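Participant: After the sequence you'll find the predicted model.
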Amino acid sequence: MKTLVIGTGGREHALAVGLAADPGVSEVHAAPGNPGIGQVATLHEVDPMDGAAVASLAVGLGVDLVVIGPEAPLVAGVADAVRAVGIAVFGPSRAAAQLEGSKAFSKDVMAAAGVPTARSRVCVGPDEAAAALDELGSPYVVKDDALAAGKGVVVTTSRAEALAHAATCDRVVIEEFLEGPEVSLFAVCDGRTARALQPAQDFKRIFDGGLGANTGGMGAYSPLPWAPPDLADAVLTSVVQPTLDEMNRRGTPFVGTLYVGLALTVHGPRVIEFNCRFGDPDIQPVLALLSSPLGALLKAAADGDLGAVPAPTFTGGAAVTVVMASAGYPQSSSNGDVIVGTETLDKEVDVDVIHAGTVRTSAGLVTAGGRVLAVRAIGSDVADARAKAYEGIATISYPGAQWRRDIAAEPLGVVEGASLVSAESSDEVAPSAAGPITRLDQERR
Ligand code: AMP
Ligand code: GLY
């Protein structure tokens, strides 16, 4: 099977590595890719947002499967353009990608499907927003309805700040605050049915202890030794299958990854958000542990026939990914800083370097973006994988490199004696009368 991966980031590098490791995959191509992806795939200079160009590349290469990594091309309809030329695509149609492209749409689908999620109101204008804030209460959760590249959500105890954010958006979803650790669950969907991958957890803030600004994700680990063992099955039953059924009822079947962002509340798992693609970096440790063939799984999903392959299997042990960012991230980023040491890790069996924002120039490998690379390691358990990942980080350097020292040191959201509240404290939110607000720092966009 010949495959083509669309995108440039760490998620796409991890996918390309996974596809290259599948004995059923004969060729891996990527567009536009990055220097790390170039080690396992043939790169092509094609704009990932240009559906016609991606489709003609896929036809020219004669690929059997196109895997579209990021949400932007999916929401823009690139999967439709490729399907229209008769090539199998892992990734939803433009219509189905609205599950991520519009928060109001996803809440509407969740309501129709009976999926457990936060109570919410869709609001236009300050009066509707104010009424919803008062109805649903503090901490206030205000989400831009549209795709906002991670900047659309504000969680705050300040009513003024909540209103100010609403005023910057055409339409907002205001919802009830969900208390509990956050989990990423990736469901591979074929339009009718789904298979869950092992859950992961993502560390969102730039600084140790969950402090500082929100980022795209500074590290992740999988599996979650503290999570209920039946979590994936429970979420397939209560969230994923009803969502797929509802999307079918609407005539827009969902094919691709339904990324279920969950809060494990005292009342059970509740959906915080849907995304229409794998999470980055959260998918990286999950793919490191996948022992069944990735290409066969994604192709079966793209063909609408997940029943044709056995359920995905995972090696024992754990995997940890630690992200290295460039100077200034997340407010800005620094390009052109020379990166040394990545090649030392090429020889390692349990450790690999996942490229995200790198380019190769005459000066060598240099930074080209906010999140530059990640060191990913597998080990016998989370602590072992974590130790190996940080040994790897120590061998890499560039001016201004920043990384968190506490990735997977303790699970986010778990404190002694109270498994459903966060261990992290917030620098921005005072404790409420009802008890400490403990999870705002995990991710506040
Ligand atoms: P989203 O883009 O919907 O994932 O929201 C970004 C982040 O805001 C999430 O990862 C959560 O940390 C936080 N968040 C979103 N919705 C809620 C909610 N209803 N309750 C608590 N936190 C939330
Ligand atoms: N790591 C979170 C995301 O990909 O949205």
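Facilitator: Nice, I can see it. Numbering: from 1, shown residues only. Ligands and ions are numbered 1, 2, ... in the order given.
Participant: for the protein, longest strand please?
Facilitator: strand 255-265 (DSSP state E).
Participant: Any residue of that one touching ligand 2?
Facilitator: No - contact between strand 255-265 and ligand 2 is absent, the nearest approach being 7.1 Å (criterion: C-beta under 6 Å from any ligand atom). (Each C-beta comes from the backbone N, C-alpha and C, glycine too.)
Participant: Buried residues, the following helix or strand past that strand. List them.
Facilitator: For strand 255-265, the following helix or strand on the C-terminal side (DSSP states H and E) is strand 268-275. Buried positions in strand 268-275, judged by neighbour count with 16 or more other C-beta atoms under 10 Å: Pro269, Arg270, Val271, Ile272, Glu273, Phe274, Asn275.
Participant: for the residue nearest the centre of the chain, what are its contacts?
Facilitator: The chain has Gly279 as the residue nearest its centroid, 1.2 Å off, counting by C-alpha atoms, centre = their mean. If you count contacts by C-beta atoms under 8 Å, 6 or more residues apart in numbering, Gly279 has them with Arg11, Ser184, Phe186, Ala200, Asp202, Gly217, Ala220, Tyr259, Gly261.
Participant: cutoff 6 Å now
Facilitator: Gly279 is in contact with Ser184, Tyr259, counting by C-beta atoms under 6 Å, 6 or more residues apart in numbering.
Participant: Likewise for Gly51?
Facilitator: Gly51 neighbours (C-beta under 6 Å, 6+ apart): Gly77, Val78, Ala81.
Participant: and of these, the nearest to Leu289?
Facilitator: Val78 (28.9 Å; C-beta to C-beta).
Participant: per-residue pLDDT, that closest one?
Facilitator: The score at Val78 is 98. That number is its pLDDT.
Participant: returning to what we had before: which SS state does the residue nearest to the centre of the chain fall under?
Facilitator: coil (DSSP: H, G, I helix; E, B strand; the rest coil).
Participant: and it, how far is that from Leu297?
Facilitator: According to C-beta to C-beta, to the nearest Å, Gly279 and Leu297 sit 17 Å apart.
Participant: try Ala96
Facilitator: Distance, Ala96 to Leu297, using C-beta to C-beta: 19 Å.
Participant: If we check ligand 1, which of the buried residues of strand 268-275 are in contact?
Facilitator: Ile272, Glu273.
Participant: TSV for the buried residues of strand 268-275, including distance to ligand 2?
Facilitator: Output for those, formatted as TSV (distance: C-beta to the nearest ligand atom, whole Å):
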residue	distance to ligand 2
Pro269	17
Arg270	18
Val271	14
Ile272	11
Glu273	8
Phe274	11
Asn275	6
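Participant: about what we covered before: now, among the contacts of Gly51, which is nearest to Glu71?
Facilitator: Val78 (10.7 Å).
Participant: neighbours of that closest one, just the number please.
Facilitator: A count of nearby residues for Val78, using other C-beta atoms under 10 Å, gives 29.
Participant: gap between the two ends of stretch 233-240?
Facilitator: The stretch stretch 233-240 measures 10 Å between its terminal residues, going by C-alpha to C-alpha, to the nearest Å.
Participant: Checking my notes, Leu133 in a helix, right?
Facilitator: Yes - according to three-state DSSP, Leu133 belongs to a helix.
Participant: Test my guess that it contacts Tyr140.
Facilitator: Yes - between Leu133 and Tyr140 there is a contact at 5.4 Å, judged by C-beta atoms under 6 Å.
Participant: Secondary structure class of Asp406, three-state.
Facilitator: Following three-state DSSP, we place Asp406 in the coil state.
Participant: Next one: the nearest residue to it once chain neighbours are set aside from Ala387, what distance?
Facilitator: Of all residues not flanking Asp406 in the chain, Asp208 sits nearest, at 4.6 Å (C-beta to C-beta, 6 or more residues apart in numbering). Look at Asp208 and Ala387: by C-beta to C-beta, they are 17 Å apart.
Participant: which bits of this protein sit near ligand 1?
Facilitator: 118, 141, 143, 153, 155, 175, 177-178, 182, 261, 272-273, 442-443, 445.
Participant: Tell me which of those fall in helices.
Facilitator: Among the residues of the chain next to ligand 1, no member falls in helices (criterion: DSSP state H).
Participant: How are the strands of the stretch 151-300 of the chain distributed by residue range?
Facilitator: Counting by DSSP state E, counting those that start in this stretch, the stretch 151-300 of the chain has strands at residues 153-156, 172-175, 182-190, 194-196, 201-202, 205-207, 211-214, 219-222, 255-265, 268-275.
Participant: Could you dump the ones you listed into a markdown table and include mean pLDDT?
Facilitator: Shown next, in a markdown table, are the strands of the stretch 151-300 of the chain (pLDDT from 0 to 100):
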| stretch | mean pLDDT |
| --- | --- |
| strand 153-156 | 87 |
| strand 172-175 | 92 |
| strand 182-190 | 97 |
| strand 194-196 | 98 |
| strand 201-202 | 96 |
| strand 205-207 | 92 |
| strand 211-214 | 86 |
| strand 219-222 | 97 |
| strand 255-265 | 96 |
| strand 268-275 | 95 |
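Participant: Kind regards, and thank you for your time.
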